[in-house]
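> pasting the sequence and the predicted coordinates here, then a few questions.
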Amino acid sequence: METNLSQQAGQVLAAMSTRFSAFPEPDVNIAPFAGSWTPAQVVQHILLSLDGCLALLNGPTAATGRNPEQHVQELRDIFLNFEEKYQSPPDIVPEEKIYDKTALSRQLDDLRRNLETAISSHDLTRTCTTFEFPTVGYLTGIEVANFAVVHTQRHIHQLEEMQ
């Protein structure tokens, strides 16, 4: 299971990197329409969000008293429903500024490696206790890894809509 999730996380982050690299340098900091994030802000949002996933996976855990995959389908249903729009929690809203495309791409590559390592080296059936996921509660490592995958897929879709 861990190997498969690690591969999925690596593949989805590689896909995001490929999608982001397709934007010409000047366009990464231009919002495609009023009220939208720029492509660079989308990537920064993923970096902030998945840094939180790493903190969960690498942080303290406790024994899980439920099915460790209990919230996987719920997370998939939420984040892969592209018809629904959600407000990002304030702590992972990207700053409004000019971003360096090369630096963001490097950070994505580093994050991919770190996430693959964390997923493949921890017991994902344990509950991550660093912080609770909004509306769901404490997640297991399996759920955190699945969140990382589906949340990134959601924002790849967002980047695709920008091109």
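Okay, I see it.

> neighbours of residue 27, how many?
When neighbours are counted by other CB atoms under 10 Å, residue 27 registers 15. For glycine as for every other residue, the C-beta is placed from the backbone atoms N, C-alpha and C.

> show me the contacts for it.
Contacts for residue 27 (CB atoms under 8 Å, 6 or more residues apart in numbering) come out as residue 39.

> need the pLDDT of residue 33.
Note for residue 33: predicted pLDDT of 89.

> list the contacts for it?
Listed by CB under 8 Å, 6+ apart, the contact set of residue 33 is empty.

> give me the distance between it and residue 7.
Separation of residue 33 from residue 7 (CB to CB, to the nearest Å): 35 Å.

> with residue 79 instead?
In terms of CB to CB, residue 79 sits 19 Å off from residue 7.

> low-scoring pLDDT stretches of this protein, where are they?
For the chain, applying pLDDT under 70 flags the ranges 1-3.

> can you give me the strands for it?
With strands called from DSSP state E, the chain shows them at 61-62, 127-128.

> what residues sit buried inside stretch 74-89?
For stretch 74-89, a neighbour-count test (16 or more other CB atoms under 10 Å) marks 75, 78-79 as buried.

> list just the nearest of those to residue 61.
Distance to residue 61, by CB to CB, is smallest for residue 75 among the buried residues of stretch 74-89, at 18.3 Å.

> got the contact list for that closest one?
By CB under 8 Å, 6+ apart, the neighbours of residue 75 are 136, 143, 146-147, 150.

> looking at those residues, which are in helices?
If you go by DSSP state H, those have 143, 146-147, 150 in helices.

> okay, these in a markdown table with distance to residue 11 next?
Putting those into a markdown table (distance: CB to CB, whole Å) gives the following:
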| residue | distance to residue 11 |
| --- | --- |
| 143 | 19 |
| 146 | 14 |
| 147 | 16 |
| 150 | 13 |
